[in-house]
Structure formats: structure tokens, C-alpha cells
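Undergrad: okay, structure incoming, though there's no sequence with it:
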Ligand SMILES: NCC(=O)N[C@@H](Cc1c[nH]cn1)C(=O)O
Ligand SMILES: [Zn+2]
Ligand SMILES: [Zn+2]
């Protein structure tokens with residue numbers, strides 16, 4: 001069900017209410033959670049150790065050569081689930097990866113299903129997370145080896161690829177189970193895990209699995225909770241009820257049979273890179289305006305009620321600048337930044353495969369280049385219609401060049417946007433939990449990123465989905481030096497635990 005973009009009431013609070021945002025010390029917390037929160041604190045070293053072991057496995061789903069590592073990380077998770085007493089563990093194979101792919105026999109990484117508890121008297125919460133990560137290399141500018149978790153005692157943070165997206169939060173659920181076991185506290189709900197290894201590459205194969213398991217493994221699900229996003233800024237916790245979708249494309253330009261010497265062939269043959277850069281340059285302007293005809297017309301109009309929502313959110317251009325480490329914002333007003341992140345589409349140019357990019361001055365003419373770009377989608381953009389507009393646009397832009405090269409534009413993967421109604425038992429439980437842990441009411445936010453499978457859970461399981469973030473807006477997900485603050489790791493797990501208790505107690509589903 002799509003939330004109609006206006007709220008019955010606002011969950012946001014004024015600045016004064018949360019200026020002192022911090023994790024409250026255990027003595028300040030709801031006494032009912034003292035025991036579990038203290039146990040989470042006590043187990044901190046073993047939780048960091050579990051995270052460190054997982055981060056060491058470079059599970060990059062977008063790199064075909066690293067697929068065995070993605071599988072290895074799934075095996076590590078299964079071992080951890082077994083040792084914690086999860087039952088009915090099923091490692092679901094999803095078959096081969098559909099094109100475009102270099103190796104047509106490449107197997108998709110498995111989805112891990114498991115249960116903790118199966119008591120018909122309790123509610124069932126399905127927790128989704130992904131164990132794959134974005135690519136990372138020391139040479140990109142990381143301060144330390146990306147696949148080695150570094151605990152920075154001075155800054156009180158943990159640095160490593162996947163720390164915040166999404167290995168840290170995923171393991172948070174396992175840690176919460178361990179803390180309950182060791183504290184001797186009855187687990188408040190039945191937990192189902194659905195952990196995938198292809199989220200960063202479009203969640204290929206997962207939609208079908210969810211549809212198949214909706215009336216089987218997932219049948220008893222009352223609510224879905226996903227911890228795979230971030231606070232908007234660095235101080236105030238949020239709960240998230242919307243995401244943009246993501247349509248990822250490539251334009252391939254094929255010219256000569258092999259890479260050539262630019263001194264010999266430069267000026268006498270049509271260069272694929274020149275064509276590609278010209279075509280890519282027609283997609284978006286320097287103000288972020290998408291130049292593909294017909295895209296803007298598909299965007300849902302802004303209503304008066306919706307525009308009021310943005311005023312109440314705690315955010316500023318300074319937060320954006322701090323997170324980007326620059327002064328390069330296209331907008332100075334908070335409302336404009338939020339709307340362009342949440343409710344308008346954006347087009348980003350990501351890279352060029354086949355092009356020279358290393359140090360030095362190689363005088364090469366690349367023979368075949370593939371330009372990668374994506375469009376973040378919003379209500380009411382239809383993915384298929386968008387793809388037709390994009391492909392037609394690229395073909396026309398290439399045709400106008402009168403080049404003898406060949407051009408082919410295609411969709412690599414797409415994932416739906418999601419906007420939901422946060423007025424339900426699950427969001428209410430999470431809001432109470434957040435207040436208990438951080439001492440403030442959370443803001444209710446949408447997010448500019450994508451979790452392709454969110455809408456599928458909502459539609460197939462006919463349940464609400466809650467996004468309960470662990471990390472902060474400056475964590476550097478997908479960037480260099482990705483980190484998770486230790487206070488967010490600990491606070492995030494306490495919030496997860498309290499959420500499960502509050503949701504279990506709620507009279508509604
Ligand atoms: N933490 C969510 C996230 O990072 N999602 C990715 C999903 C994606 C879609 N296509 C490629 N990756 C994102 O980029 O938003
Ligand atoms: Zn993620
Ligand atoms: Zn990600």
C-alpha cells in the first residue's frame with residue numbers, strides 16, 4: 001500500500017528536545033530493559049569480534065571474480081546462526097545470474113533463511129539484511145585495509161567495508177539473540193531471518209524466492225524489519241518509511257577490434273570514448289537536472305501537505321556538507337535538499353568500464369567502453385517506461401554523432417521505490433524503543449538510497465515494513481573509510497531488542 005504522502009500527525013520534535021542526543025547510560029534507561037541492555041554492553045567485545053571476522057571476507061557481489069567470497073561469507077553466517085541455536089536453517093540457491101554477465105554460469109549467492117523460536121503464541125518478525133558489500137580497495141584512498149576491521153579507540157568507531165552497510169546491522173540481530181540467551185530472558189517474538197548476498201547488485205533472484213516462500217517459510221510473518229539505512233544526520237535517530245528505487249544502466253560503445261596506439265590511430269579513427277562521453281554528457285546537467293525527455297512528467301506532484309513535512313525534519317546544509325566533506329551542495333535550503341534526496345529522481349554517472357584509469361599517462365585508445373549510470377526513481381515513475389525513455393534517448397544522442405562505431409544501451413537491474421504508512425504497531429514500537437535508548441523521539445524520514453526488495457516484502461507478505469537504521473548519515477557507505485560508530489552499534493542493538501519487546505506487547509499487529 002502506498003502511503004499518500006501526508007501524515008495524520010507528526011512524529012518530529014523540535015531541536016530543544018534532542019540537543020543532548022546521546023545513548024543514555026543504563027541507569028537512565030527503562031528499568032524493564034536494564035538486564036538486556038547490560039548484557040549487550042557486557043558482550044561488546046565478542047560482538048566486535050564477530051563483526052571483524054565477517055568484514056574480513058570481501059563479499060563484493062558486483063565483482064564476478066569475488067563470488068566465492070560472497071558464498072564464503074554466507075557460510076560464516078550459517079555457522080554463527082547454528083552456534084546461536086537458530087533452527088530450520090535453509091540455504092536457498094537462486095540459480096545462475098541473468099545477463100548482462102561475463103560468465104553465463106555464474107551462480108547467484110544464496111539467501112539464508114532461519115528461525116529463532118516458533119511459538120504460535122508469539123508474533124513473528126522477519127528481519128532482512130544483506131551480507132554482500134560494495135567494492136573497496138586501499139588504493140581508492142582508504143586510511144586502512146578496507147577488509148580489515150579497525151577499531152579506532154580515540155574516535156570510538158569501527159572502520160571497514162560493510163561495517164554500516166550492512167554487515168554490522170545484520171549481525172546486530174544475531175547479537176540481540178545471543179544477549180537474550182546469555183541474560184536468560186525469554187525472546188519476545190519468533191524471529192525469521194532473510195539474509196541475501198546480492199543487494200548491492202539489484203537483489204537478483206530474491207523477488208521470486210519471496211513470492212514462493214510467502215505462503216511457506218514466511219507464512220506466519222506479522223511484520224518485516226530492515227536495518228540497512230542510516231540516520232539523516234549524525235545526532236538524531238530516525239525511523240524510515242520511504243526509499244527511492246534504482247534503475248541501473250550501461251551504454252556500450254564498440255569501435256576498433258583492439259585497444260590502439262593513439263599516436264598511430266589518433267585523429268584517423270572514431271574513438272569510442274569520445275562518443276561515450278558525448279552521449280553520457282546528454283543525460284544530466286551540472287545542476288542535477290535530468291535531460292531525458294519525459295522523466296519529469298512521471299514524477300508525482302508536490303502537495304501543500306507534503307511540503308510542510310520537510311520543515312519539521314532536523315537537517316541542514318551543514319549536515320550535508322559535513323557528510324560529503326565538501327561545500328558542493330546544489331541547494332542551500334534544507335527543504336530543497338530533502339526533496340531532491342527523497343521525492344525527486346536523480347541521475348548519477350558512475351564510471352566507465354574499459355577505459356584507462358590508472359596512474360601514469362598511457363597513450364591508448366580504448367576499443368570498447370561501457371558507461372555506467374543510474375537513475376534513482378520515485379513515485380510515480382514506471383520502471384519499464386523509464387527504460388524505454390533512457391534507451392531511446394541514448395540511441396538518438398548517439399545517432400546525432402554520425403559515428404561509425406556501434407552503440408548499445410541497456411538496463412542492468414532495477415529496484416522499486418517504496419513509500420509506506422508509518423502509523424502502525426511496528427513503527428510505534430520502534431519509536432518507543434528509540435526514545436528509551438537515545439532519549440529523544442525519532443524523526444520520521446524517507447531516504448534517497450534504495451533497498452530493492454522492500455516493496456516486494458510489503459506486497460507479497462501483506463505486512464508492514466519498518467526501516468530501523470543503526471548507523472549515521474556520515475558513515476561513508478559505498479565510499480572510502482566506511483565506518484560505524486561504536487555508540488551506534490551498541491545503541492542500534494539495544495533499539496532492536498527493545499523494539500522486539502514493545503512490538504511483542506502491542507495489541508495490534
Ligand atoms: N544500504 C542500501 C544500499 O546501499 N542499497 C543500494 C542498492 C543498490 C541498487 N543498485 C545498486 N545498489 C543503493 O545503492 O542504494
Ligand atoms: Zn545496504
Ligand atoms: Zn549499500
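TA: Looks like it came in fine. What you are looking at is a predicted structure, and each value in this text was computed from that prediction instead of being measured. Numbering: from 1, shown residues only. Ligands and ions are numbered 1, 2, ... in the order given.
Undergrad: any idea how far residue 343 is from residue 313?
TA: 12 Å (Cβ to Cβ, to the nearest Å). In short, each C-beta sits where N, CA and C put it, glycine included.
Undergrad: equivalent analysis for residue 157, please.
TA: Distance from residue 157 to residue 313, by Cβ to Cβ: 25 Å.
Undergrad: and what of residue 300?
TA: For residue 300, the distance to residue 313 - Cβ to Cβ - is 19 Å.
Undergrad: higher neighbour count, the two?
TA: residue 313 (21 against 15; other Cβ atoms under 10 Å).
Undergrad: excluding covalently adjacent residues, which one is nearest to that one?
TA: Nearest residue to residue 313, sequence neighbours excluded (Cβ to Cβ, 6 or more residues apart in numbering): residue 443, at 5.5 Å.
Undergrad: with residue 204 instead?
TA: Closest to residue 204 by Cβ to Cβ, 6+ apart is residue 198, at 5.1 Å.
Undergrad: helix or strand right after the helix or strand bottoming out on mean pLDDT in the chain?
TA: In the chain, no helix or strand scores lower on mean pLDDT, DSSP states H and E than helix 304-311, which sits at a mean of 93. Remark: after helix 304-311, the chain's next helix or strand is helix 317-324, criterion DSSP states H and E.
Undergrad: that following helix packs against which elements?
TA: helix 334-342 (3 or more Cβ pairs under 8 Å, 6 or more residues apart in numbering; DSSP states H and E).
Undergrad: so what touches the helix it packs on?
TA: 242, 244, 288, 302, 307, 310-311, 313, 315-317, 320, 329-331, 346, 378, 445-448 (Cβ atoms under 8 Å, 6 or more residues apart in numbering).
Undergrad: give me the buried subset of the residues you listed.
TA: 242, 244, 310, 313, 315, 320, 331, 346, 378, 445-448 (16 or more other Cβ atoms under 10 Å).
Undergrad: reformat these as CSV; add distance to residue 368.
TA: Output for the buried ones among the contacts of helix 334-342, formatted as CSV (distance: Cβ to Cβ, whole Å):
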residue, distance to residue 368
242, 39
244, 31
310, 44
313, 45
315, 43
320, 37
331, 38
346, 28
378, 33
445, 42
446, 39
447, 36
448, 32
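Undergrad: need those residues in a markdown table (columns: distance to ligand 1).
TA: As requested, those are exported to a markdown table (distance: Cβ to the nearest ligand atom, whole Å):
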| residue | distance to ligand 1 |
| --- | --- |
| 242 | 13 |
| 244 | 8 |
| 310 | 21 |
| 313 | 20 |
| 315 | 19 |
| 320 | 17 |
| 331 | 20 |
| 346 | 11 |
| 378 | 13 |
| 445 | 14 |
| 446 | 13 |
| 447 | 8 |
| 448 | 8 |
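Undergrad: and of these, the nearest to residue 258?
TA: Relative to residue 258, the closest of the buried ones among the contacts of helix 334-342 is residue 346; by Cβ to Cβ it sits at 36.3 Å.
Undergrad: so what's the closest one up against?
TA: Neighbours of residue 346 in contact, by Cβ under 8 Å, 6+ apart: 244, 288, 290, 340, 375-376, 448.
Undergrad: go with 10 Å
TA: By Cβ atoms under 10 Å, 6 or more residues apart in numbering, residue 346 lies in contact with 244, 284, 288-290, 340, 374-378, 448.
Undergrad: so how far is residue 66 from it?
TA: Distance, residue 346 to residue 66, by Cβ to Cβ: 28 Å.
Undergrad: same question for residue 199.
TA: Counting by Cβ to Cβ, the gap from residue 199 to residue 66 is 15 Å.
Undergrad: okay, now the unreliable bits of this structure?
TA: Where the chain drops to pLDDT under 70, the residues are 1-30.
Undergrad: in it, which spans are helices?
TA: For the chain, the helices defined by DSSP state H cover 34-42, 44-55, 67-83, 167-183, 206-213, 262-265, 272-280, 304-311, 317-324, 334-342, 383-399, 425-438, 454-461, 486-505.
Undergrad: quick one, the last one and helix 425-438 angle?
TA: Here helix 486-505 runs at 140 degrees with respect to helix 425-438, directions being taken by axes from the mean of the first three to the mean of the last three Cα atoms, to 10 degrees.
Undergrad: would you mind listing the buried residues in helix 486-505?
TA: For helix 486-505, by 16+ other Cβ under 10 Å, it's 486, 488-504.
Undergrad: then the second one?
TA: Residues 47-48, 50-52, 54-55 are the ones in helix 44-55 that count as buried (16+ other Cβ under 10 Å).
Undergrad: out of those residues, which one sits closest to residue 211?
TA: Using Cβ to Cβ, the buried residues of helix 44-55 come closest to residue 211 at residue 54, 28.7 Å.
Undergrad: can you give me every residue that contacts residue 81?
TA: 87, 89, 112-116, 173-174, 177, 193, 195.
Undergrad: can you list the domains in this protein?
TA: The record's domain split for the chain, according to automatic domain parsing, is 20-243+417-505, 245-300+343-415.
Undergrad: so for residue 325, which of these sits nearest?
TA: Closest among the domains of the chain, using Cβ to Cβ: domain 20-243+417-505, at 8.7 Å.
Undergrad: how far away from the center of its chain is that closest one?
TA: 10 Å (Cα atoms, centre = their mean, to the nearest Å).
Undergrad: can you tell me which residues in the stretch 101-250 of the chain are near ligand 1?
TA: For the stretch 101-250 of the chain, the contact set with ligand 1 under Cβ under 6 Å from any ligand atom comprises 165-166, 199-200, 202, 228-229, 246, 248.
Undergrad: how close does the residue of the stretch 151-300 of the chain found nearest ligand 1 sit to residue 147?
TA: Residue of the stretch 151-300 of the chain nearest ligand 1, by Cβ to the nearest ligand atom: residue 246 (3.9 Å). Taking Cβ to Cβ as the measure, residue 246 falls 25 Å from residue 147.
Undergrad: could you do residue 507 as well?
TA: 46 Å.
Undergrad: neighbour count winner among these two?
TA: Ranked by neighbour count (other Cβ under 10 Å), residue 507 and residue 147 place residue 147 first, with 20 against 5.
Undergrad: my guess is the more buried one meets residue 72, correct?
TA: No. When contacts are counted by Cβ atoms under 10 Å, residue 147 is not listed as touching residue 72 (12.0 Å).
Undergrad: okay, and the common contacts of these two?
TA: 56-59.
Undergrad: residues touching the closest residue to residue 380 other than its chain neighbours, list them.
TA: Spatial nearest neighbour of residue 380, chain neighbours left out: residue 300 (5.0 Å); criterion: Cβ to Cβ, 6+ apart. Residue 300 is in contact with 2, 5, 306, 343-344, 378-381, 419, counting by Cβ under 10 Å, 6+ apart.
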